[in-house]
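Colleague: Provided below are the primary sequence and the corresponding predicted coordinates.
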Amino acid sequence: MKKLMSGFITVAALLTLAACGNGGSSSTDSSKKGDQNQLEAIKSAGVLNVATSADFAPFEFHALIDGKDQIVGADIDLVNEIAKELGVKVNVMDLEFNAVLTALSQGKADIAVSGISATDERKQTFDFTDNYFTPEQKIVIKKDNTDALSAIDDFSGKKVGAQKGSIQEAVVQNQLADSQLVSIAKVPNLINELKQGSIDGLVLESAVADSYVAQNDDLAVADIALEASPDDSYAIALPKGSTELKDELNRILKELNDKGTINEYVQKNTDLANENAAE
Ligand code: ARG
């Protein structure tokens, strides 16, 4: 019994640790406090807690900069610009994509920026800003298979990967219906599975597919057109009811879009990902 009890205590202690150890944001400062709205709460906390999944070049990824591992990307540039305009610091929480929106609903993050497609389904639970990027759906394959895998039917009976919790799971199920879906949490692991041949294809969004193909000589984008949906476009996710915050983010996004800055971020970070892979 004593042994059992101490086992319980260990588990309880671990759970407490896990609950506290989330990316350094010490509490739910992010959610509404008193009669402050979300925007005011972020400003008075002096920090913008951002949930992301840094496995998605060129939008968010790890890179060695001056010998130091850092999280960079177009979304990170965007977040830094937003924080500058709000006059606050940034705290980036790197999670599995599957956990990014959960962090938002639990109040651990103020916003989620992670190449998130603003789907109708997600809109039932979260607010979204205006779209800031519109991707296409692509299938990444081994270069050697370019001829063998050049039509949707060629994937019948084949294994096709998608990131766990992403809309690409539905793309595989709906558009490559005769293939077998393999869901994996992290994009770099999917890339490795593809290189090793344990999956035959991998559905990714255009800029991301191009970036990983540029970093891996043995991979290619299949010459197959998949259907896109207006739901695919990326937007920043917010807790429901964050009207003031949403308006402010939309103002900043519009400013950056009008100047072409977001496309510049994507280009710059595509180059950065390539240079980093080459090193
Ligand atoms: N756009 C897709 C979705 O929202 C994939 C996003 C994956 N993002 C990431 N950082 N891994 O489902």
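Modeller: The structure has been received and is ready for your questions.
Colleague: buried ones in stretch 81-89?
Modeller: Judged by neighbour count (16 or more other Cβ atoms under 10 Å), stretch 81-89 contains these buried residues: 81, 82, 83, 86, 88. Backbone N, C-alpha and C define where each C-beta goes, glycine included.
Colleague: swap that for stretch 261-270, please
Modeller: Within stretch 261-270, the residues scored as buried using 16+ other Cβ under 10 Å are 261, 262, 265, 266, 269, 270.
Colleague: likewise for stretch 145-163?
Modeller: Buried-residue list, stretch 145-163, by 16+ other Cβ under 10 Å: 145, 149, 152, 154, 155, 158, 159, 160, 161, 162, 163.
Colleague: chain center to it, what's the gap?
Modeller: 24 Å (Cα atoms, centre = their mean, to the nearest Å).
Colleague: tally up the residues packed near residue 123, please.
Modeller: 14 (other Cβ atoms under 10 Å).
Colleague: closest to the ligand out of the buried residues of stretch 145-163?
Modeller: For the buried residues of stretch 145-163, the residue nearest the ligand by Cβ to the nearest ligand atom is residue 163; the value is 5.6 Å.
Colleague: the helix or strand harbouring residue 214: what's the following helix or strand?
Modeller: Element membership for residue 214 (DSSP states H and E) is helix 206-215. Next helix or strand after helix 206-215 toward the C-terminus (DSSP H and E): strand 219-221.
Colleague: roughly how far is that next one from the heart of the chain?
Modeller: Relative to its parent chain, strand 219-221 has a centroid offset of 21 Å by Cα atoms, centre = their mean.
Colleague: excluding chain neighbours, what is closest to residue 82?
Modeller: Distance criterion Cβ to Cβ, 6 or more residues apart in numbering; nearest residue to residue 82, sequence neighbours excluded, is residue 252 at 5.5 Å.
Colleague: in three-state terms, label the one you found for me.
Modeller: Of the three states, residue 252 takes helix under DSSP: H, G, I helix; E, B strand; the rest coil.
Colleague: report how many residues lie close to it.
Modeller: By the criterion of other Cβ under 10 Å, residue 252 has 17 neighbours.
Colleague: what parts of the stretch 101-250 of the chain come near the ligand?
Modeller: Proximity of the stretch 101-250 of the chain to the ligand, by Cβ under 6 Å from any ligand atom, involves residues 114, 115, 116, 117, 163, 166, 167, 187, 205.
Colleague: now, those residues that are in helices?
Modeller: The helices, defined by DSSP state H, take in residue 187 from those.
Colleague: pLDDT for the residues of the stretch 101-250 of the chain next to the ligand - can I get that in TSV?
Modeller: Output for these, formatted as TSV (pLDDT from 0 to 100):
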residue	pLDDT
114	98
115	98
116	98
117	98
163	98
166	98
167	98
187	98
205	97
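Colleague: and stretch 64-75, end to end?
Modeller: Chord length of stretch 64-75, first to last residue, is 17 Å (Cα to Cα, to the nearest Å).
Colleague: average pLDDT for it?
Modeller: Stretch 64-75 shows a mean pLDDT of 96.
Colleague: contact partners of it?
Modeller: The contact list for stretch 64-75, computed with Cβ atoms under 8 Å, 6 or more residues apart in numbering, reads 52, 54, 56-63, 92, 94, 113-115, 133, 262, 265-266, 268-269, 272, 276, 279.
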